[in-house]
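Participant: Prediction below, plus the sequence it came from.
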Amino acid sequence: MIRDFDITTEENIGYYAGLVTSSFAIAQLVSAIPWGMLSDTMGRRPVILAGTFGTMVNILLFGLSKSLAWALLARCLCGLLNGNTGVLKGMVSELTAENDEGQRARAFTYLPLVYGLGSIIGPMMGGLLSNPVKQYPGLFEQGDPITDFLLEFPYFLPCFFSALICAFSFLFGCFFLEETLKRPKKEDTKTPLLQNTSARYNTFDEQQQDTVMSTHSPTPTLSGREAPPTLRESITAPVIAASISYGLFSFQAIYYDELFPIWTASPRTNGGLGYRTDEIGLAIAYCGVITLISQLFFIPGLTKRYGVLRLYRFVLLSAIPLYFFQGFIRWFYEIPDFHGETETKTWVWVGIFIVSTFKTFYHSICFTSCTILVNNATPRMDALGTVNGFAQCCGNAMRAFGPAVCGAVWSGALSATWLPYEVRVHVSWTTLALVGLVTYISSKRLNPADYELSKLIPVEEEVLINEDDSDSLIRRRS
């Protein structure tokens with residue numbers, strides 16, 4: 001699309017493509033908290049439906065792009081009108097509030113799992129349906145209105161199919177999506193039903209009368225519900241701490257995702273591996289397979305056995321040496337292969353697969369753990385929208401900032417000829433390891449007591465009605 005806009009040279013297309021891509025994250029940086037607060041007030045369901053409808057409209061607008069300005073506007077509007085990511089996390093948290101850690105972890109892994117599947121299907125659909133008249137000339141007749149329209153807007157067809165998916169999701173939500181937000185009741189204020197105003201007439205004896213209390217009706221009413229928490233009440237110190245840790249991990253994750261293709265594609269003289277595009281694609285596809293396996297079969301069990309915070313800290317610590325030593329895989333070219341030959345990629349591939357397995361496994365655990373920690377840190381269940389919106393802002397800020405930092409560090413290090421060669425080519429990986437260390441230190445500042453879900457779940461209380469009869473108890477939910 002950027003190439004067809006004819007606004008720049010081939011070398012700078014990547015810059016403008018990245019600008020269009022990052023505009024969505026920048027817009028969500030602004031809109032995530034307001035959408036989250038709105039979901040705490042109106043409910044999750046209307047916000048999800050509104051975001052889905054807004055995405056559908058803006059995808060169609062994006063397909064009508066004929067200039068960079070139009071494409072940027074469409075992507076920014078899509079980010080502003082869609083706050084579903086944080087709200088969906090809040091819904092999952094509410095649905096699994098009374099489940100154990102392993103079951104919650106399994107539920108939260110479905111979000112990145114579905115996103116990963118979409119990331120595979122989406123680019124395939126975009127590549128197959130873009131510019132259809134030129135790709136499949138036999139299917140279109142010259143002079144036909146549809147043909148002329150698709151020639152003028154060659155990227156409308158994949159956007160149209162994406163909009164159809166959104167339309168189906170919107171209709172499905174209208175009929176089957178249930179509201180999960182439950183506003184907490186106000187604290188019960190108990191007053192005697194009968195005041196002892198007459199000493200000459202009593203229906204109950206004095207001791208029993210004092211224990212007959214009025215409570216709220218079990219039928220929920222608007223006046224009996226607490227108002228949604230304010231932004232200051234929602235964003236507590238534990239929420240800020242968890243969100244900062246989430247932001248730092250998001251930075252190192254996007255930094256790695258940006259560094260890996262640069263490093264593998266760069267010549268060996270620049271510290272890279274000299275891989276071809278198809279070889280890089282194979283390595284990235286392998287990471288997708290590992291993501292699927294880890295989320296389905298390993299993360300729930302590990303979370304249940306070791307706990308969210310403990311597992312999160314262990315993985316962050318283990319990732320630090322993994323980042324630091326990954327750059328040395330280029331030395332594997334010097335190891336003889338099974339035929340005794342050097343300068344082959346046999347052992348380099350072995351190193352790539354091993355490192356990619358652990359990296360993908362670690363990142364999958366961290367993303368799931370961060371999401372659970374942020375949701376567990378919320379002061380009230382009806383603040384989940386605001387809390388997840390705030391965390392989403394932190395993550396989006398780092399995702400917009402990370403690629404630029406990675407590119408600057410890589411280019412700056414190679415240009416620093418005053419540094420020894422072995423130091424220059426390893427600066428980018430050392431920087432990533434330092435970011436990993438800072439992220440681990442931030443996780444050590446998280447107090448486990450602040451991230452226990454049990455503090456949000458109502459507990460049963462025993463209320464003694466008659467002090468003379470210890471067996472007379474009323475159980476209620478607080």
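Facilitator: Structure's in. What do you need?
Participant: which stretches of the protein have low pLDDT?
Facilitator: The model of the chain has pLDDT under 70 over residues 10-15, 18, 183-225, 454-478.
Participant: what are the ranges of the strands in it?
Facilitator: Assigned by DSSP state E, the chain shows strands spanning 460-464, 473-477.
Participant: The nearest residue to residue 436 once chain neighbours are set aside: how many residues sit nearby?
Facilitator: Distances taken as CB to CB, 6 or more residues apart in numbering put residue 320 closest to residue 436, at 4.4 Å, once the chain neighbours are dropped. Just so you know, the C-beta spots here come from the backbone N, C-alpha and C atoms, and that holds for glycine as well. Neighbour count of residue 320, defined by other CB atoms under 10 Å: 18.
Participant: my guess is residue 320 meets residue 433, correct?
Facilitator: Yes - checked against CB atoms under 8 Å, the pair residue 320 and residue 433 is within contact range at 5.3 Å.
Participant: if I look at the two, which residues touch both of them?
Facilitator: The contact sets of residue 320 and residue 433 do not overlap (CB atoms under 8 Å, 6 or more residues apart in numbering).
Participant: Who are the contact partners of residue 111?
Facilitator: 88, 89, 92, 371.
Participant: May I ask which of these has the most neighbours?
Facilitator: residue 371 (26 neighbours).
Participant: That one and residue 246, how far apart?
Facilitator: Distance of residue 371 to residue 246, given as CB to CB, to the nearest Å: 8 Å.
Participant: do residue 134 as well
Facilitator: The gap separating residue 134 from residue 246 is 43 Å, by CB to CB.
Participant: Neighbour count for these two, which is higher?
Facilitator: More neighbours surround residue 246 than the other of residue 134 and residue 246, with 25 against 11 (other CB under 10 Å).
Participant: Is that one in contact with residue 395, as I believe?
Facilitator: Yes - between residue 246 and residue 395 there is a contact under CB under 8 Å: 5.9 Å.
Participant: quick one, what contacts the nearest residue to residue 393 once chain neighbours are set aside?
Facilitator: Among residues not flanking residue 393 along the chain, residue 32 sits closest, at 4.9 Å (CB to CB, 6+ apart). For residue 32, the contacting residues are 83, 85, 86, 389, 390, 392, 393, 396, by CB under 8 Å, 6+ apart.
Participant: what would the residues you listed look like in TSV with neighbour count?
Facilitator: As requested, these are exported to TSV (neighbours: other CB atoms under 10 Å):
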residue	neighbour count
83	28
85	20
86	29
389	29
390	25
392	28
393	20
396	24
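Participant: Closest to residue 1 out of these?
Facilitator: Comparing the contacts of residue 32 against residue 1 with CB to CB places residue 396 closest, at 22.7 Å.
Participant: list the contacts for residue 164?
Facilitator: Contacts of residue 164 (CB under 8 Å, 6+ apart): none.
Participant: What is the burial count for residue 278?
Facilitator: When neighbours are defined as other CB under 10 Å, residue 278 has 7 of them.
Participant: Where do the helices of the stretch 301-450 of the chain begin and end?
Facilitator: Taking DSSP state H, counting those that start in this stretch as the test, the helices found in the stretch 301-450 of the chain are 308-326, 346-376, 384-415, 421-424, 427-444.
Participant: Can I get those in TSV including distance to residue 52?
Facilitator: Compiled in TSV, the helices of the stretch 301-450 of the chain are given as follows (distance: least, CB to CB, whole Å):
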stretch	distance to residue 52
helix 308-326	29
helix 346-376	21
helix 384-415	16
helix 421-424	48
helix 427-444	33
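Participant: Which among the ones you listed is found nearest to residue 280?
Facilitator: Nearest to residue 280, of all these, is helix 346-376, at 9.9 Å by CB to CB.
Participant: Just the buried residues of stretch 59-70, please?
Facilitator: 59, 60, 61, 62, 63, 65, 68 (16 or more other CB atoms under 10 Å).
Participant: pretty sure the fourth one is touching residue 74, no?
Facilitator: It refers to residue 62. Yes - the pair residue 62 / residue 74 is scored as a contact, 4.0 Å apart, by CB under 8 Å.
Participant: Cheers, nothing more for now.
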